[in-house]
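**Q** any chance you can model this:
(chains A and B)
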2 protein chains.
Amino acid sequence: MLGLFQRKDRLIVHGEAPYNAEPPLDRLRAAFLTDQADFYVRSHGDIPDLDADDYRLTVGGMVATPLELSLADLKERFEPVTVTAVMQCAGNRRADMLAVAPVSGDPWAPGAIGNAEWTGVRLADVLQAAGCEAGEERHVAFESHDRIAESDTRFGASIPLAKALAPETLLAFAMNGAALAPEHGHPLRVVVPGFAGIRSPKWLARITVQDQPSDNPMQADDYKLFPPGVTAETADPAAGHTIEAMPLNSAICEPARGAALKAGRHSIRGYAIASDRAVARVDVSPDGGRSWAQARIEHDRRAPFAWTFWEIDLDLGTGEHELAVRAWDSAGQTQPAAPDDTWNYKGYLSAAWHRVRVTVA
Amino acid sequence: MLGLFQRKDRLIVHGEAPYNAEPPLDRLRAAFLTDQADFYVRSHGDIPDLDADDYRLTVGGMVATPLELSLADLKERFEPVTVTAVMQCAGNRRADMLAVAPVSGDPWAPGAIGNAEWTGVRLADVLQAAGCEAGEERHVAFESHDRIAESDTRFGASIPLAKALAPETLLAFAMNGAALAPEHGHPLRVVVPGFAGIRSPKWLARITVQDQPSDNPMQADDYKLFPPGVTAETADPAAGHTIEAMPLNSAICEPARGAALKAGRHSIRGYAIASDRAVARVDVSPDGGRSWAQARIEHDRRAPFAWTFWEIDLDLGTGEHELAVRAWDSAGQTQPAAPDDTWNYKGYLSAAWHRVRVTVA
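**A** A predicted model of the protein is given here:
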């Protein structure tokens, strides 16, 4: 697993086993398409070592024609499709919630996100080939080759059939034109643009069409959004909101938190993302939100699920500055100001204004 | 115009000419489908007095076959469709922004919104019959029979072709099963679910397919969202965000602001709306946002553009209470806390937590 070794000195590692790591923010902001070696890794167990030649995907459940497909079958039978889209962990920016009260899970900075060109085939085409029965209440469940460390079950998750049939939802075998690295799901993963990464399983083994969500712990128990009054002791998983689409978010990537700068003009740069909407405006504040200026934004309008890069030059005088960013989407929606306003004990969907303190000498 | 006379004693009137009025919030919350007589009215000029028998709609511009259609033609040639959807003014809840700094326009309470069953024909079907040319950069412009008081031009607006072709977008001749009242656009109006009311012209006269947005002042100059630092003197309309889809919002309808209550259990009730997303959760606070409880919510899941009603019983002890509400949508998005966070000099898209002070004796 060379890919993994290559990256260990490039990433900030939150855990070795399972392996969880994210890139430094300046490197993340360096390219509109995130290099595989700079792409965050979120694992729930060991990283499987799968042989692409022996690989088989099975498709079953509520389908007329169950399928067993090799990687070559997938590439031959179905139209190749490339989609540029963000992959993002539901726990991205969790660290900001720790300032409010303790939360469970790794303290991700704003680096548990990346943007890639995913190449594969449409999940819809594969489901159609299997004679998938349509129906409003159907779900498409995925089972993977990795085992979840905590529960000793295989990893699994599901998405509603409507999203499985959306043209952007892929079974992907390549990222930025190269085969998936082991830690990114080699040889085949699901890519569900706009949804939290947990719904895009890596090392895919089986697809099952069924009339209810997956009963895998990842789907039934974890990755639920709870109100602020709920704790680990009182949480009822069935009452939590299943995290699928992600909220509007933005982050300052440069300068880094705590940077010591010289007085003068500085380029402030970062990303913004608006789920299935467009980013309409990005406001940057040099003074913790008392005043705002508008950043230049860089879209790829052909790629609605890609992120938006933004940049602004600000004159910063001597002293301490709290830089802040907030995005606005095409529906005129903006982010809440304070981490308190989105706090939940699992630390999911941390999407308040991102603030970075710097000192100017 | 009997409809208009009927409602004058039922509504809170912000202006007589043009006529602008909204219902008291307890009456608004009384029915999931808002009665025509309780539905807010936003006019930019006189209310036209049109005869349904003489009415003609023309369809032209970038189409193969320009059309002229009577109301009977519309009803005979196209499939009748009913859609339940909110209509909402971009200035709904503007009054809350006045607490921050002056804004232009009428000080709407949270009543510049209503939810109705609209019956008509799909705009897409009419455009198809006209042989509308497809194209990413196309816009569908509407011109109406009313004249804008300020500019002495006819009212006009436009929407992107993609939204015009969406199955929910209608040319409507009925509301809740009855012909449109004069003040609601008799005999035909546009209904663009999820978009601000300004994009759903009443008293429709002409539809034009074109390669740019309407140059009518309503489209080119007004109904733009500006950053907080922009004023009437510095605003460049071309740089503002054209308001189309509306952000997540919610309001407390009962008890009323300033109500004097007896100590004990009280039902707190209101509405929430999430543009093209679902309302996933509604939090209600008895103490200005320090603690939150979750309201019961009433959806019509067959109607994704309808509002959500919510209700919760809270024990309120003696003293002053600041009740607050905030909604969460299916993407885990929530509302900003303070009106400062969305303030703009036009007072549009006021969507911070709604707060209502009550006194318990």
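**Q** so where's chain A shaky on pLDDT?
**A** Within chain A, the set of residues satisfying pLDDT under 70 comprises A:1-8.
**Q** ok, 80 please
**A** A:1-9, A:134-136 (pLDDT under 80).
**Q** need the residues of it near chain B, please.
**A** Residues of chain A lying close to chain B (Cβ under 8 Å from any Cβ of the partner chain) are A:225, A:227-229, A:241, A:243-248, A:275-277, A:280-281, A:283, A:291-294, A:328, A:330-338, A:341-342, A:348-349, A:351. All C-beta atoms are positioned from the backbone trio N, CA, C, and that covers glycine.
**Q** take the residues you listed and keep only those in strands.
**A** The strands, defined by DSSP state E, take in A:Leu225, A:His241, A:Ala280, A:Arg281, A:Asp283, A:Ala293, A:Gln294, A:Trp328 from the residues of chain A next to chain B.
**Q** quick check: closest non-adjacent residue to the second one.
**A** What that stands for is A:His241. A:Leu225 (4.2 Å; Cβ to Cβ, 6 or more residues apart in numbering or on different chains).
**Q** what sits against A:Asp300?
**A** Contact analysis of A:Asp300 by Cβ atoms under 8 Å, 6 or more residues apart in numbering or on different chains lists A:Phe32, A:Thr84, A:Ala306.
**Q** show me what contacts the nearest residue to A:Gly317 once chain neighbours are set aside?
**A** Distances taken as Cβ to Cβ, 6+ apart put A:Ala263 closest to A:Gly317, at 5.8 Å, once the chain neighbours are dropped. Contact partners of A:Ala263, counting by Cβ under 8 Å, 6+ apart, are A:Leu316, A:Gly317, A:Thr318, A:Val360, A:Ala361.
**Q** related to what we said a few turns ago, now a ChimeraX select for only the buried ones of the residues of chain A next to chain B.
**A** Entered in ChimeraX, the line below selects the buried ones among these, by 16 or more other Cβ atoms under 10 Å in any protein chain shown:
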select /A:225,227,228,241,243,244,245,246,247,248,275,276,277,280,281,283,292,294,328,330,331,332,333,334,335,336,337,338,341,342,348,349,351
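**Q** quick revisit: for the contacts of A:Ala263, which one is nearest A:Glu254?
**A** The closest of the contacts of A:Ala263 to A:Glu254 turns out to be A:Leu316 (Cβ to Cβ; 13.0 Å).
**Q** now do the residue sitting nearest the centre point of chain A against A:Arg290, distance only.
**A** When Cα atoms, centre = their mean is applied to chain A, the residue found nearest the centroid is A:Gln88 (1.1 Å). Separation of A:Gln88 from A:Arg290 (Cβ to Cβ, to the nearest Å): 30 Å.
**Q** do the same with A:Pro228
**A** 26 Å.
**Q** how about A:Gly177?
**A** On the measure of Cβ to Cβ, A:Gly177 and A:Arg290 end up 45 Å apart.
**Q** now swap in A:Asn249 and tell me
**A** 22 Å.
**Q** which of those two has more neighbours?
**A** Legend: neighbour count by other Cβ atoms under 10 Å in any protein chain shown for A:Asn249 and A:Arg290, higher for A:Asn249 (28 against 10).
**Q** how about the nearest residue to the residue nearest to the centre of chain A, chain neighbours excluded?
**A** A:Ile113 (4.2 Å).
**Q** residues near A:Asp26, how many?
**A** For A:Asp26, using other Cβ under 10 Å, the count is 12.
**Q** how about A:Ala130?
**A** Neighbour count of A:Ala130, defined by other Cβ under 10 Å: 21.
**Q** now swap in A:Gly131 and tell me
**A** The criterion is other Cβ under 10 Å. On that basis, A:Gly131 has 14 neighbouring residues.
**Q** contacting residues for it?
**A** A:Val63, A:Ala64, A:Thr65.
**Q** most neighbours among those residues, please name it.
**A** Within the contacts of A:Gly131, A:Val63 tops the neighbour count with 19 neighbours, counted by other Cβ under 10 Å.
**Q** go ahead and confirm that one touches A:Val209.
**A** Yes: if you go by Cβ atoms under 8 Å, A:Val63 and A:Val209 touch, sitting 5.4 Å apart.
**Q** joint contacts of the two?
**A** Common neighbours of A:Val63 and A:Val209 (criterion: Cβ under 8 Å, 6+ apart): A:Leu127, A:Ala130, A:Cys132, A:Glu133.
**Q** export the contacts of A:Asp300 to CSV and append columns for secondary structure and neighbour count.
**A** As requested, the contacts of A:Asp300 are exported to CSV (DSSP: H, G, I helix; E, B strand; the rest coil; neighbours: other Cβ atoms under 10 Å in any protein chain shown):
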residue, secondary structure, neighbour count
A:Phe32, coil, 16
A:Thr84, strand, 20
A:Ala306, coil, 22
